[in-house]
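In: Below is the sequence, then the predicted model.
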Amino acid sequence: MRIWLLLVAACGTNLEPSAAWQPAENMPGTSIGAPANAVSVFTGTLRVATFNIQDGGAPPDEIARAFGADPGLAHADVVLLQEEEAFPEEAAPRAAELAQLLGMGWFYAPARPLDSGTFGDAILSRFPMSELEVIDLPHAENKLQRIALRAALDLGGTTAYVTNMHLDTTINFTTRVLQIHPAVIDAPPCSFVGGDFNTNPYLWEHGDVPVVPDSVVVDTDQATLLDDYMTGLGFANGTASFGDTETKDGVASRLDSVYARQLVPGAGAVVRSVALSDHWPVWVDLKIQP
């Protein structure tokens, strides 16, 4: 079934060539800040959360309160954000404001212009970040530019690399793999990759029209297919068993995930009590392998 799906999805694949990773300081519009009180002692377990905040999100103080009210999110060490916004008339990107409210450092990079500002993604961390990089992901035909961010986390003598990204929605699985591939194929051994992968349960005709699962005879769940691809690269999805991360028009989808290599996934959850977006935040504990 899946082989047949890949053959169908390959038809009409059209992506611009991939870019290369670039130092963040060379990318216009990036914003970087260190945590006021960086954590220097690492206990061996890293708590990671990912959250698509939807179109710039609720005000940072509302998101901070929502995180603080949930026991899982309140103890996150790293937060991956998608659909952040920044505007020149504001003192700092909203990701920076949220990071400061959460006691974290931040790394924001724009994917594309938005009115007078920019629209992009961010990594927040209680631990110091270095080696900050951005890559323009392969651009699907008639779609918007997507990016990935990568940083090295100093975990008190141990280094783990984090990659955050937000993939296109209305693309089939083969195109999705081609889009994610440049951001993960050269990932350092001890890495985790999170974000909104938009792994919806549809087949897409002509890049825009969804073929709903009940109308086809194949497995169209891109979430399980992407899990298989990442497993081939040595990454385990510690959030796959937590369930769906979005429900839209009555269809539940697992769009958001955290994949880890040389880090063992543990406890975690999809926090459906946080209703500030069309996605729910997800968190998971990752333990460094001895």
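Out: Yep, it's here. Predicted model only: the values in this text are computed from it and were never measured.
In: Pretty sure His279 is one of the things Lys248 touches, is it not?
Out: No - between Lys248 and His279 there is no contact under C-beta atoms under 8 Å: 9.8 Å. Glycine gets a C-beta too; all of them are placed from N, C-alpha and C.
In: Compare those two (neighbour count), which wins?
Out: Neighbours were counted for Lys248 and for His279 using other C-beta atoms under 10 Å; His279 has more, 23 against 11.
In: Helix, strand, or coil at the more buried one?
Out: Three-state call for His279 (DSSP: H, G, I helix; E, B strand; the rest coil): coil.
In: And it, how close does it get to Leu81?
Out: According to C-beta to C-beta, to the nearest Å, His279 and Leu81 sit 11 Å apart.
In: any residues in contact with both of these two?
Out: 51-53 (C-beta atoms under 8 Å, 6 or more residues apart in numbering).
In: Quick check: phi and psi on the spatially most central residue of the chain?
Out: Nearest to the geometric centre of the chain sits Gly195, at 1.3 Å (C-alpha atoms, centre = their mean). Main-chain torsions, Gly195, degrees, to the nearest 10: phi 140, psi -160.
In: Bridged to it, which residues?
Out: Legend: beta-bridge partners of Gly195 under DSSP bridges are Met165, Ser257.
In: my read: it touches Val162, true?
Out: No - using C-beta under 8 Å, Gly195 is not in contact with Val162, being 10.1 Å away.
In: ok, now which ones touch Val282?
Out: 49-51, 239, 242, 245, 256-258, 268-271.
In: Flag every buried residue along the helix or strand containing Ala267.
Out: Using DSSP states H and E, Ala267 sits in strand 263-270. Neighbour-count burial for strand 263-270 flags 263, 265, 268-270 (criterion: 16 or more other C-beta atoms under 10 Å).
In: Of these, which pair is most distant in space?
Out: Within those, Leu263 and Val270 form the most distant pair, 19.4 Å apart (C-beta to C-beta).
In: returning to what we had before: what does the strand holding Ala267 contact?
Out: Under C-beta under 8 Å, 6+ apart, the answer for strand 263-270 is 45-46, 72, 160, 190-192, 236-239, 242-245, 258, 280-289.
In: where's the helix or strand just after that strand relative to the chain centroid, distance-wise?
Out: Where DSSP H and E defines the elements, the next helix or strand beyond strand 263-270 is strand 282-288. When C-alpha coordinates are averaged (C-alpha atoms, centre = their mean, to the nearest Å), strand 282-288 and its chain have centres 14 Å apart.
In: and strand 282-288, which residues are buried?
Out: 282-286, 288.
In: In contact with Gln54, which residues?
Out: Under the criterion of C-beta under 8 Å, 6+ apart, the neighbours of Gln54 are 83, 276-279.
In: Take those residues and, keeping just the buried ones, write it as a ChimeraX select command.
Out: The buried residues among the contacts of Gln54 can be selected in ChimeraX (16+ other C-beta under 10 Å) with this line:
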select :83,276,277,279
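In: Going by distance to Ser125, which of the contacts of Gln54 wins?
Out: Nearest to Ser125 out of the contacts of Gln54 is Glu83 (C-beta to C-beta; 18.9 Å).
In: Now do the helix or strand hosting that closest one against strand 282-288, angle only.
Out: For Glu83, the element it lies in under DSSP H and E is strand 78-86. Interaxial angle, strand 78-86 versus strand 282-288 (axes from the mean of the first three to the mean of the last three C-alpha atoms, to 10 degrees): 130 degrees.
In: Check which helices and strands strand 78-86 is in contact with.
Out: strand 45-52, helix 94-102, strand 105-114, strand 117-125, strand 159-166, strand 191-196 (3 or more C-beta pairs under 8 Å, 6 or more residues apart in numbering; DSSP states H and E).
In: pLDDT weak spots in the stretch 1-150 of the chain?
Out: 1-14, 17-18 (pLDDT under 70).
In: so where's the stretch 151-290 of the chain uncertain?
Out: If you take pLDDT under 70 as the line, the stretch 151-290 of the chain has these spans: 206-207, 209, 211-220.
In: one more time with 90
Out: Along the stretch 151-290 of the chain, the parts satisfying pLDDT under 90 run over 156-157, 201-221, 248-251, 288-290.
In: Would you state the strands of the stretch 101-250 of the chain in chain order?
Out: 105-114, 117-125, 129-136, 147-154, 159-166, 191-196, 203-205, 209-211, 236-237, 246-248 (DSSP state E, counting those that start in this stretch).
In: Many thanks, have a good one.
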